[in-house]
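Undergrad: build the 3D model from these lines:
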Amino acid sequence: MMPGSVRVLFVNPNESDRSCFSAFFVGKRIRVIAAEDCAAALSRMRCQRVDAVIARSQEAKAILTALQQEPNLADLPVIGLLENAAEVPDPRFCAARQASCRPSELFFALLGVLDCHAARVSMPRRDASGVCAGATEPHT
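TA: Numbering: from 1, shown residues only. Prediction:
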């Protein structure tokens, strides 16, 4: 995915994080969209394209649970920001970083998640016999 076309939804960022990450990401041609909470995030995701979600751990868990009810958004990648070093990341997170991480760390995690997500979405689906959808023979 090209960095010029990436839109990231940042849920409930404090003002310091918001300005720091937004300034860094804008320099990398990534648009940051902010939402105050899970409900506002879902509303934004329904009406505008979002490529990934970044949220503190508790909000990220709530968003993942809500996304399970949204068929068009169910596989949207979510990056969780952990509040402390002892916190165990939710296995549903596509990536997790400490909330106090540097913007560059979050940027590289985001790029990795977007690359992985793009590859997974573009891979042909296979049925139980190993045949790709639309293909006539199994791949070997």
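Undergrad: how about the helices in this structure?
TA: 15-27, 38-47, 57-67, 103-122 (DSSP state H).
Undergrad: which stretch in the ones you listed has the least confidence?
TA: Per-stretch mean pLDDT for the helices of the chain is lowest at helix 15-27 (a mean of 76).
Undergrad: what is it packed up against?
TA: strand 6-11, strand 30-35, helix 103-122 (3 or more C-beta pairs under 8 Å, 6 or more residues apart in numbering; DSSP states H and E). Just so you know, the C-beta spots here come from the backbone N, C-alpha and C atoms, and that holds for glycine as well.
Undergrad: list the buried residues of that helix.
TA: 17, 21, 22, 24, 25 (16 or more other C-beta atoms under 10 Å).
Undergrad: quick one: contacts for the fourth one?
TA: Yep, that's residue 24 we're talking about. 103, 104, 107 (C-beta atoms under 8 Å, 6 or more residues apart in numbering).
Undergrad: quick one, what contacts the second one?
TA: Okay, so that is residue 104. Residue 104 touches residue 24, counting by C-beta under 8 Å, 6+ apart.
Undergrad: before we move on, what about residue 53?
TA: Taking C-beta under 8 Å, 6+ apart, one finds 8, 9, 11, 41, 45, 60, 63, 76, 77, 78, 79 in contact with residue 53.
Undergrad: need the max-distance pair from the residues you listed.
TA: 45 and 79 (14.6 Å; C-beta to C-beta).
Undergrad: what about the closest residue in space to residue 6 that isn't next to it in sequence, distance to residue 106?
TA: Leaving out its chain neighbours, the residue that sits closest to residue 6 by C-beta to C-beta, 6 or more residues apart in numbering is residue 30, at 4.6 Å. Separation of residue 30 from residue 106 (C-beta to C-beta, to the nearest Å): 11 Å.
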